[in-house]
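# how would this look folded up:
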Amino acid sequence: MPDGDFRPMRRIKQQLSDKETQDILARGRTGVLAVNGDGGYPYAVPVNYVYKAGKIYFHGAKAGHKFDAMARDEKVCFCVIDRDEVVPEKLTDVYRSAVVLGRVRLLAGDELIQAAYDLGMKYYPVPEAVRAEIEKDLPRLACFEITPEHVTGKQAKELLPKT
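Here you go, the predicted structure:
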């Protein structure tokens with residue numbers, strides 16, 4: 001994935017490998033999509049998604065704040081939290097997460113149907129039911145694809161190997 005002019009991670013020792021980061025994206029169930037919302041305010045919303053062939057797919061309506069923001073600006077941020085354990089007595093959080101900066105596009109035709117099918121199968125793996133739901137919702141269904149441009153994974157220092 002191209003890295004362009006993206007900042008390097010400040011705490012580089014906590015950076016996860018590409019494989020570990022992709023594993024987080026593959027097993028995650030919900031991510032937070034951040035877009036450039038109305039009036040220049042960031043707008044972040046949780047979405048169910050599927051990670052396939054290095055890309056992120058999610059669905060939504062064909063209208064609304066999220067849809068309008070993505071139509072206006074294709075640059076998005078997507079975050080998945082893989083582990084989040086607060087340790088009150090140490091005033092810390094033991095975490096592992098992945099952050100994706102990329103560009104989003106609205107899918108159509110066969111790509112839309114394939115993305116909807118892949119999403120449905122991830123959350124309810126019954127092919128007949130997924131196909132029926134897609135057919136029923138197709139007139140109002142929108143699916144999107146994020147092509148990553150910069151991907152990082154990070155973990156708490158408490159998860160680093162002890163040396």
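
# helices of the chain, start to end?
18-27, 65-72, 109-123, 127-137 (DSSP state H).

# okay, buried residues for the longest one please.
Translated: helix 109-123. For helix 109-123, a neighbour-count test (16 or more other Cβ atoms under 10 Å) marks 112, 113, 115, 116, 117, 118, 119, 120, 122 as buried. Heads up, the C-betas are built off the backbone N, CA and C, glycines and all.

# picking that back up, possible to save the helices of the chain as TSV with distance to residue 145?
Shown next, in TSV, are the helices of the chain (distance: least, Cβ to Cβ, whole Å):
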stretch	distance to residue 145
helix 18-27	14
helix 65-72	11
helix 109-123	7
helix 127-137	16
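
# which of those helices sits closest to residue 54?
helix 18-27 (7.8 Å; Cβ to Cβ).

# what's in contact with that closest one?
Contact with helix 18-27 is made by 16, 51, 54, 56, 80, 82, 96-98, 100, 151-153, as judged by Cβ atoms under 8 Å, 6 or more residues apart in numbering.

# now find how far off-centre it is within its chain.
In this view, helix 18-27 has its centroid 11 Å away from the chain centroid, taken as Cα atoms, centre = their mean, to the nearest Å.

# could you report the neighbour count for the closest residue to residue 35 other than its chain neighbours?
Distances taken as Cβ to Cβ, 6 or more residues apart in numbering place residue 69 nearest to residue 35, at 3.9 Å, with adjacent residues excluded. By other Cβ atoms under 10 Å, the residues close to residue 69 number 21.

# tell me the contacts of the spatially closest residue to residue 29 that is not a sequence neighbour?
Nearest residue to residue 29, sequence neighbours excluded (Cβ to Cβ, 6+ apart): residue 48, at 6.6 Å. Shown in contact with residue 48 (Cβ under 8 Å, 6+ apart): 29, 30, 58, 59, 119, 122, 123.
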